[in-house]
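Engineer: show me the folded form of this:
(one chain, ligands or ions: 1)
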Amino acid sequence: MAKQSIGILGAGKLGLALANIGARAGYEVLIASRKSAEALSLPVSILAPGAHPLSAAEVIAQSDTIILAIPLSKYRQLDPAAFKGKIVIDAMNYWWEVDGKDTLFSTIEATSSERVQQYFSDSQVVKAFNHMGYHDIQAVSSAGAAGSVKAIAIAGDQPSAVGKVAQIVEDFGFEPLLIGFLAKGIMLEPGSPLFGANETAEKLQGLVDIFAHSEKGQAFYGQRA
Ligand SMILES: NC(=O)c1ccc[n+]([C@@H]2O[C@H](COP(=O)([O-])OP(=O)(O)OC[C@H]3O[C@@H](n4cnc5c(N)ncnc54)[C@H](OP(=O)(O)O)[C@@H]3O)[C@@H](O)[C@H]2O)c1
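Structural biologist: Take a look at the predicted model:
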């Protein structure tokens, strides 16, 4: 059977960790940053052996599913037309040290992934791989016995795209935890009890419930339920 392929834009801490576990899971991983494929070949060969460094344009053209692992303030540098018909996995978070304090990237009325969906209007955006640190993602292979498999929360509006991303999450070695529509991805962002979580699905669901009772959760559900 042909290998499933996945594209990753961003070859930093998160992109390389995902490329590493994706290649180990048997995926054909295509990865790019702003650097040339040649410049990426050494770090990729060491940190994500088996993944293929390409140009960003090649990764986008050759992938039906593309993980955005770039700073949130940079996605508007990408041409949305090139992503038409593709599934875009939004792994990005607002991080003021990187993204700056001048722009609002996420509000209860327009959460960051909804803004990403609005920008990539001809794509299906699913939020995943946001809450767990790259070092914990990278350590997935040592997750251990059944029952201690760690969960990745997923939010999205289109059930078929969410299902495909859930399969990728599972293939990569995690338990998918579906948390609902795309806007609910707000609970995966910095400042939420889920942010940073490296937990089983049961414990992650407990954090979803804690978010719901938090001040921000109450405000969110008050407006967006
Ligand atoms: N680090 C984590 O543990 C973690 C966990 C979950 C989510 N996230 C989120 O994942 C994203 C990436 O975080 P990171 O820690 O991996 O950052 P990072 O180490 O700084 O890497 C960022 C990568 O994005 C690339 N990039 C920037 N603009 C680009 C563009 N227009 N096209 C293609 N590639 C571009 C950079 O390429 P160049 O080097 O060529 O500029 C670099 O490879 C952020 O949104 C972050 O919030 C991070």
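Engineer: near the ligand, which residues of this structure show up?
Structural biologist: 9-15, 33-35, 56, 69-72, 74, 77-78, 91-93, 95, 130, 133-134 (CB under 6 Å from any ligand atom). All C-beta spots, glycine's among them, are computed from the backbone N, C-alpha and C.
Engineer: from those residues, which land in helices?
Structural biologist: Secondary structure from DSSP state H places 13-15, 56, 134 of those in helices.
Engineer: gap between stretch 99-117 and the chain center?
Structural biologist: Taking the mean of its C-alpha atoms, stretch 99-117 sits 16 Å from the chain's own mean (CA atoms, centre = their mean, to the nearest Å).
Engineer: per-residue confidence for Ile186?
Structural biologist: pLDDT, Ile186: 96.
Engineer: for Ile70, see how far away it is.
Structural biologist: The gap separating Ile186 from Ile70 is 20 Å, by CB to CB, to the nearest Å.
Engineer: would you check how far apart the residue nearest the centre of the chain and Ile8 are?
Structural biologist: Centroid-nearest residue in the chain: Ala91, 2.5 Å away (criterion: CA atoms, centre = their mean). Noted for Ala91: a distance of 9 Å to Ile8, by CB to CB.
Engineer: now for these two: what residues contact both?
Structural biologist: 18, 67, 69 (CB atoms under 8 Å, 6 or more residues apart in numbering).
Engineer: got the contact list for the closest residue to the ligand within the chain?
Structural biologist: Using CB to the nearest ligand atom, the closest approach of the chain to the ligand is made by Gly12 at 1.8 Å. Gly12 makes contacts with 33, 69-70, as judged by CB under 8 Å, 6+ apart.
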